[in-house]
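> starting from these lines, generate the structure:
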Amino acid sequence: MKYIVILLLISCSYICNAASYIKNGADQIETLISLIGHKNIALVANQTSLTGNTHLLDTLCSLGKRPVALFAPEHGFRGKADAGETVKDGKDVKTGTPIISLYGKNKKPSAANLANIDLIVFDIQDVGARFYTYISTLYYVMQACAENGKELIVLDRPNPCDYVDGPILKKEYKSFVGMLPIPVLHGCTMGELAGMINGEGWLGNNMKCNYSVIRIKGWKHGDPYSLPVKPSPNLPNDQSIALYASLCLFEATSVSVGRGTYFPFQVIGSPLLPKDKYTFSFTPKALEGFDKNPLHKDITCHGLDLRKTDAKQLKGFSLKYIIEIYNEFKKMNKSESFLTRPKWFDLLMGTNQVRFDMLKGKSEKEIRSAWNEELKEYMEMREKYILYNEL
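Residues are numbered from 1 along each chain as shown. You can find the predicted model right below:
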C-alpha cells in the first residue's frame, strides 16, 4: 500500500509539474517590468489576462506599475458583456483605472487616447479563429501605435485550436470579424500574428509597428493547451473552443448553437427540425454570464448534441454540420428559413464561395477544393513568422 501511495504522489507531482511548465508571456513578469521601466503604459486586456491566478492589472498595480489607461475589447475588460454588445467607457471596478472601449463607436485607440502613453501592453487569449474579434483589436492597436509612434509589447499565449484550415479572406469581405487575409483557422499565436501583420505590410502606408513579444516557454505548435478561464461568455470549455470554428457559421442562420444553455457551441438545434429524427432537444433561456437574449429563447429546439463528439477528428474546422442541417431544411422545403443572414455568413467565411457552393449542393470535398492552393501559399508565408516550431 505504501508503494502505491508513493507512486500516486509521484504521478500527481509529474502531472502538476507538466501543467505548470508552460509559462505564458504574462507569467514572465520580471521581463515585462524591466521592459516597462519608467514608461507610462496602457493595458489591452480582459478576464484571460492572468499572471498565475491573479489578473495582470492587479499584478502590475501591486508592483507599482499602474497603467494610465485600460483598453477593453469585445465582451469588456472583465469579460461580462454579451457577444456584439457595445462596451462602454468607464472605470475598472477594482482599481478605478479609466477604461476606454475598443468595442463601441471606436475600435482603434485615437491619438488623444495615446497622448500621455509611451507603451501599450497587449495580453488577450485568442482561440485560433479569424472571426474571433480579439485579432481585429490587435490589428487596430498595432496600427494606432504605428501612426502615433508608440511601442507595443505582446504577451503571448498558446493557440488552443492550433490548425490551419478554411478559405482565405478576400479583401471585399474585410470587416471586424475578418480584418486579415488569413484562413478561418490561422494556426498562429497573437505574437506570431503581430509579426505577420508587420511583415506583410498589412498596416498600410508602409507603416511598421515598433513591437516586441514576450514568448511562451514550454509550448510548441502541436501541443495541447487547456484554457484556465473562459475566453468569452459562450466558450466555457475545451469542447466549445474545439467546435467553435465549425459551429460559428450557424450564427448566420436560424439554427441555435446553444446560446442560452450551459453548453453553448456544443449543440445545434432548431424548432423546425423534425423531433422524430433529431431526438436531442434543448430550450434556450436567458442566462447571466452566457447570453441574456439567446436565439429561440424559451422555445424547444431539436438537433445534435456534440458534447461527447471527438472534436479532434474535425481537425479544427468542418463543414459537415452546416451542410447536414441545410440539407435537412431543404428536404422540408424550408431552405429559405435556414440562411437568414447570408451577408453575415459571407463575412464569417471571408468569401461568398462557400455559401454559393453549399446552395448548389456541392460536397464538403468539392467546396474545399476551391481554397486548397491558397492554403498552401498561406502555409509557406506563415513559416516566416512562426516562433514555436514543432520539434
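
> CA only for contacts and neighbour counts going forward, please
Noted.

> can you pull the contacts of the closest residue to residue 307 other than its chain neighbours?
Take residue 307 and drop its neighbours on the chain: the residue closest to it by Cα to Cα, 6 or more residues apart in numbering is residue 266, 5.3 Å away. Shown in contact with residue 266 (Cα atoms under 8 Å, 6 or more residues apart in numbering): 239, 240, 243, 257, 258, 305, 306, 307.

> can you select the buried ones from the residues you listed in PyMOL?
Applying 16 or more other Cα atoms under 10 Å to the contacts of residue 266, the buried members can be selected in PyMOL as follows:
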select buried, resi 239+240+243+257+258+305+306
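
> now, which of the contacts of residue 266 lie within helices?
With helices defined by DSSP state H, the entries of these inside them are 239, 240, 243.

> next one: the last one, what pLDDT does it get?
The pLDDT attached to residue 243 in the predicted structure is 97.

> surely it touches residue 265?
Yes: counting by Cα atoms under 8 Å, residue 243 sits close enough to residue 265 to count as a contact (6.4 Å).

> who touches residue 114 in this structure?
Contacts for residue 114 (Cα under 8 Å, 6+ apart) come out as residue 148.

> element containing residue 213, please.
Using DSSP states H and E, residue 213 falls within strand 210-214.

> can I get that strand in CSV, CA atoms only?
What follows is strand 210-214, C-alpha atoms only, in CSV (Å, rounded to 0.1, in the frame of the first residue of the first chain):
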residue,chain,number,x,y,z
ASN,A,210,7.5,49.0,-33.0
TYR,A,211,6.6,45.9,-31.2
SER,A,212,8.2,43.0,-29.2
VAL,A,213,6.8,39.7,-28.0
ILE,A,214,7.4,38.0,-24.6
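
> pull the number of nearby residues for residue 68.
For residue 68, the number of neighbouring residues by other Cα atoms under 10 Å comes to 17.

> and it, what pLDDT?
What the model reports as pLDDT for residue 68 is 97.

> the spatially closest residue to residue 255 that is not a sequence neighbour and residue 318: what is the separation?
Nearest non-adjacent residue to residue 255, counting by Cα to Cα, 6+ apart: residue 270, 5.1 Å away. In this view, residue 270 and residue 318 are 20 Å apart by Cα to Cα, to the nearest Å.

> now do the domain split for the protein, please.
22-226, 238-359 (automatic domain parsing).

> TSV for these, including distance to residue 367?
Shown next, in TSV, are those (distance: least, Cα to Cα, whole Å):
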stretch	distance to residue 367
domain 22-226	10
domain 238-359	6
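
> nearest to residue 389, of these?
Taking Cα to Cα, domain 22-226 is the member of the domains of the chain nearest to residue 389, at 5.8 Å.

> helices along the stretch 251-391 of the chain, start to end?
With helices called from DSSP state H, counting those that start in this stretch, the stretch 251-391 of the chain shows them at 320-331, 342-349, 353-359, 364-368, 372-382.

> now the ones you listed as a markdown table including mean pLDDT?
Below are those laid out as a markdown table (pLDDT from 0 to 100):
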| stretch | mean pLDDT |
| --- | --- |
| helix 320-331 | 97 |
| helix 342-349 | 98 |
| helix 353-359 | 98 |
| helix 364-368 | 97 |
| helix 372-382 | 97 |
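
> compare those helices and give me the one nearest residue 190.
Residue 190 lies closest to helix 372-382 among the helices of the stretch 251-391 of the chain, at 12.9 Å (Cα to Cα).

> just how off-centre is the closest one within its chain?
Put simply, helix 372-382 sits 21 Å off its chain's centre (Cα atoms, centre = their mean, to the nearest Å).

> need the contact partners of that helix.
164, 165, 166, 167, 168, 182, 183, 196.

> run through the stretch 1-150 of the chain and note the low-pLDDT ranges.
1-20, 79-85 (pLDDT under 70).

> what are the ranges of the helices in it?
2-20, 29-36, 56-62, 134-148.

> and the second one with strand 210-214, angle?
Interaxial angle, helix 29-36 versus strand 210-214 (axes from the mean of the first three to the mean of the last three Cα atoms, to 10 degrees): 170 degrees.

> export the contacts of helix 372-382 as JSON lines, with columns for neighbour count, secondary structure and pLDDT.
Conversion of the contacts of helix 372-382 to JSON lines gives the following (neighbours: other Cα atoms under 10 Å; DSSP: H, G, I helix; E, B strand; the rest coil; pLDDT from 0 to 100):
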{"residue": "164", "neighbour count": "23", "secondary structure": "strand", "pLDDT": "97"}
{"residue": "165", "neighbour count": "23", "secondary structure": "strand", "pLDDT": "97"}
{"residue": "166", "neighbour count": "28", "secondary structure": "coil", "pLDDT": "97"}
{"residue": "167", "neighbour count": "25", "secondary structure": "coil", "pLDDT": "98"}
{"residue": "168", "neighbour count": "22", "secondary structure": "coil", "pLDDT": "98"}
{"residue": "182", "neighbour count": "25", "secondary structure": "coil", "pLDDT": "98"}
{"residue": "183", "neighbour count": "26", "secondary structure": "coil", "pLDDT": "98"}
{"residue": "196", "neighbour count": "20", "secondary structure": "helix", "pLDDT": "98"}
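
> show residues contacting stretch 342-352.
131, 166-170, 173-175, 177-178, 184, 249, 251-253, 354-355.
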